[in-house]
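# I'll drop the sequence and a predicted model, then ask my questions.
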Amino acid sequence: MISEAKRSSLPLNWQAAFVCLEISFISREIYYQIMIQSDTALSTEQMTKNEKDTLKGLKWWSKDELQKINDFAPREILNYI
């Protein structure tokens, strides 16, 4: 389970400004590196109904796959993989 995962001591802080429908906002996010077994199942069990309704899919991404996505952000995450 992810709740049992180990978290790195150095989080990656990321901030981005967005404009959507003529409204601007700032997103401030913190990412942590965790170590889990490669066969850990993905689950939507703890998600709200709204989160589930907007979800397009779940999957584990490899570093190679993420590097090939031009608009993947924050790219600094790739330094931790």
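That came through, no problem. Residues are numbered from 1 along each chain as shown.
# out of the helices and strands in this structure, which is least certain?
When each helix and strand of the chain is scored by mean pLDDT, DSSP states H and E, strand 6-7 comes last, with a mean of 44.
# okay, the next helix or strand after it in PDB with CA atoms only?
Scanning forward in sequence from strand 6-7 by DSSP states H and E, the next helix or strand is strand 12-20. What follows is strand 12-20, C-alpha atoms only, in PDB (Å, rounded to 0.1, in the frame of the first residue of the first chain):
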ATOM      1  CA  LEU A  12      10.500  19.000  -4.700                       C
ATOM      2  CA  ASN A  13       8.600  22.300  -4.500                       C
ATOM      3  CA  TRP A  14       7.100  23.500  -7.700                       C
ATOM      4  CA  GLN A  15       5.100  26.600  -8.500                       C
ATOM      5  CA  ALA A  16       3.400  27.500 -11.800                       C
ATOM      6  CA  ALA A  17       1.100  30.300 -13.000                       C
ATOM      7  CA  PHE A  18      -1.900  29.400 -15.100                       C
ATOM      8  CA  VAL A  19      -4.500  31.300 -17.100                       C
ATOM      9  CA  CYS A  20      -7.800  29.400 -17.600                       C
END
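# and strand 12-20, what does it pack onto?
strand 23-31 (3 or more CB pairs under 8 Å, 6 or more residues apart in numbering; DSSP states H and E). Backbone N, C-alpha and C define where each C-beta goes, glycine included.
# the strand it packs on to strand 12-20, inter-axis angle?
Inter-element angle recorded for strand 23-31 and strand 12-20: 160 degrees (by axes from the mean of the first three to the mean of the last three CA atoms, to 10 degrees).
# poorly predicted segments of the protein, please.
1-11 (pLDDT under 70).
# quick check: buried residues in stretch 52-63?
Buried residues in stretch 52-63, counted by 16 or more other CB atoms under 10 Å: none are found.
# many thanks, have a good one.
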